[in-house]
Every structure is written in C-alpha cells, then in structure tokens.
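Trainee: My questions concern the predicted model and sequence given below.
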Amino acid sequence: MFGWGGGGFVLILFFCIVVVAFIVWAEYKTFSPRNEAKKTALEILNERYVKGEMDKKEFEEKKKDIKNN
C-alpha cells in the first residue's frame, strides 16, 4: 500500500520520539542554570555571621581555619 510495510509505523513513531527527546534535552541544556558562581567558604561564613548565626569569636576562629586550608 504505502511502501513502508508494517514496521514503517514503528519506525516513524521511534523517529518522532527521538526528535521530541532531542528538543526536550536541548531546551533543558539551554535554560537550565549552569556555571553558577559557587560561593566560597568565606562568603558562606560571612553570610552566616551577618545573619547572626554565630558570634564574632566563632566567626574569627572559622575564618582563621578557612585561611589556613
């Protein structure tokens, strides 16, 4: 009839699934957050100190430890 036979439908269906999967993958790679600047340990420590999660003595001790490593 159409020249594709019974397996033609399966082949077309597989091709469509591959195309849709590629489009989804491309959109994910394009719009996903990547290469975000990772915070350093000192930046995280400063944020915690500013939020009041630690006192000045603890802050200074941890800051010294970070600089030594």
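Mentor: Sure thing, it's come through.

Trainee: burial of residue 25, as a residue count?
Mentor: Number of residues near residue 25 (other Cβ atoms under 10 Å) recorded here: 10. Glycine gets a C-beta too; all of them are placed from N, C-alpha and C.

Trainee: Check residue 41 too.
Mentor: 13.

Trainee: pLDDT value on the residue lying closest to it once chain neighbours are set aside, please?
Mentor: Spatial nearest neighbour of residue 41, chain neighbours left out: residue 66 (5.0 Å); criterion: Cβ to Cβ, 6 or more residues apart in numbering. Listed pLDDT for residue 66 reads 87.

Trainee: now residue 40
Mentor: 85.

Trainee: how far away is it from residue 66?
Mentor: According to Cβ to Cβ, to the nearest Å, residue 40 stands 8 Å off from residue 66.

Trainee: Now do the shared contacts for those two.
Mentor: Counting by Cβ atoms under 8 Å, 6 or more residues apart in numbering, residue 40 and residue 66 have no contacts in common.

Trainee: any residues touching the helix or strand containing residue 43, and which ones?
Mentor: Element membership for residue 43 (DSSP states H and E) is helix 41-51. By Cβ under 8 Å, 6+ apart, the residues outside helix 41-51 that reach it are 39, 54, 56, 59, 62, 63, 66, 67.

Trainee: For it, what is the distance to the chain centroid?
Mentor: 23 Å (Cα atoms, centre = their mean, to the nearest Å).

Trainee: swap in stretch 14-32?
Mentor: 17 Å.

Trainee: Can you work out which other helices and strands pack against the longest helix along the chain?
Mentor: Ranked by number of residues, the top helix in the chain under DSSP state H is helix 7-31. Contacting helix 7-31 under the criterion 3 or more Cβ pairs under 8 Å, 6 or more residues apart in numbering; DSSP states H and E is no other helix or strand.

Trainee: buried residues in that helix?
Mentor: Buried residues in helix 7-31, defined by neighbour count with 16 or more other Cβ atoms under 10 Å: none.

Trainee: Now do the SS call for residue 54.
Mentor: coil (DSSP: H, G, I helix; E, B strand; the rest coil).

Trainee: Once you drop chain neighbours, what's closest to it?
Mentor: residue 48 (5.9 Å).
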